[in-house]
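Trainee: Just a sequence and a predicted model for now, questions to come.
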Amino acid sequence: MRFDIATILPDAFTSYLNESIIKRAIDNKLIEVYIHDIRSFSENKHHKVDDIPFGGGAGMVMTPQPLYDCLTHIKTLNPGPVVYMTPQGRKFTQSKAEKLSLKSGLILLCGRYEGIDNRIRETLIDSELSIGDYVLTGGELAAMVILDSVARLIPNVLGKEESHLEDSFSKKLDRKKEYPHYTRPAEFKGKKVPEVLLSGNHKAIADWRKNHLK
């Protein structure tokens, strides 16, 4: 699956993309991730991408020209939908992540300031998503959240294809939360791991976990 991210802060993604599971998925060619600097598409000699809003008001608005040129360029490379991260968007859920993971590609637009010129929303944005009922300084963190949650659903990204089916909020668990997890040692500071988890009885373990979903 191919991910293209449009942002004015491309360096914000450098560390994230070079760590852990996402890095391994990229190295193993299970996913492709490309970062596009919106400023590089600006026709302004200072590479400016924002201006004051018509009608007045606080803050600045991202101008249409750099966004249009950036997104139309990306769309020649990636057939996936353009998703704009904004507090006004639909709430991002595990169900939405599962649907997006079935796409061949995904284009994520990171807004800044007070948002983007509405003409871009009307012509190039396919959907708008929010990762929660709060406001961030930009869409970069939201893009990382969506990239991470969608990428881990791609076959073999986690190393064991079926492992994500037991995630919290997975449809397979009827959206219940996680059961308690334990690892070695079997006793730590006087607290012991439940005996059933040490029994090797897979049915009993499965029943225990089902009964302890929180």
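Mentor: Sure thing, it's come through.
Trainee: Let me see the domain layout of the protein.
Mentor: Following automatic domain parsing, the chain resolves into domains at 2-151, 179-211.
Trainee: Straight-line length of the longest one, end to end?
Mentor: One end of domain 2-151 to the other measures 10 Å (Cα to Cα, to the nearest Å).
Trainee: now the shortest one
Mentor: Terminal residues of domain 179-211 are spaced 8 Å apart (Cα to Cα).
Trainee: how close does Leu198 get to Gly139?
Mentor: 46 Å (Cβ to Cβ, to the nearest Å). All C-beta spots, glycine's among them, are computed from the backbone N, C-alpha and C.
Trainee: same thing with Glu122?
Mentor: Glu122 is 18 Å from Gly139, by Cβ to Cβ.
Trainee: ditto for Arg90
Mentor: 14 Å.
Trainee: So these two - more neighbours on which side?
Mentor: Gly139 (29 against 11; other Cβ atoms under 10 Å).
Trainee: Could I get the contacting residues of that one?
Mentor: 7, 84-86, 108-112 (Cβ atoms under 8 Å, 6 or more residues apart in numbering).
Trainee: for Pro10, what are its contacts?
Mentor: Pro10 touches 35-37, counting by Cβ under 8 Å, 6+ apart.
Trainee: Closest to Lys210 out of the residues you listed?
Mentor: Ile35 (41.9 Å; Cβ to Cβ).
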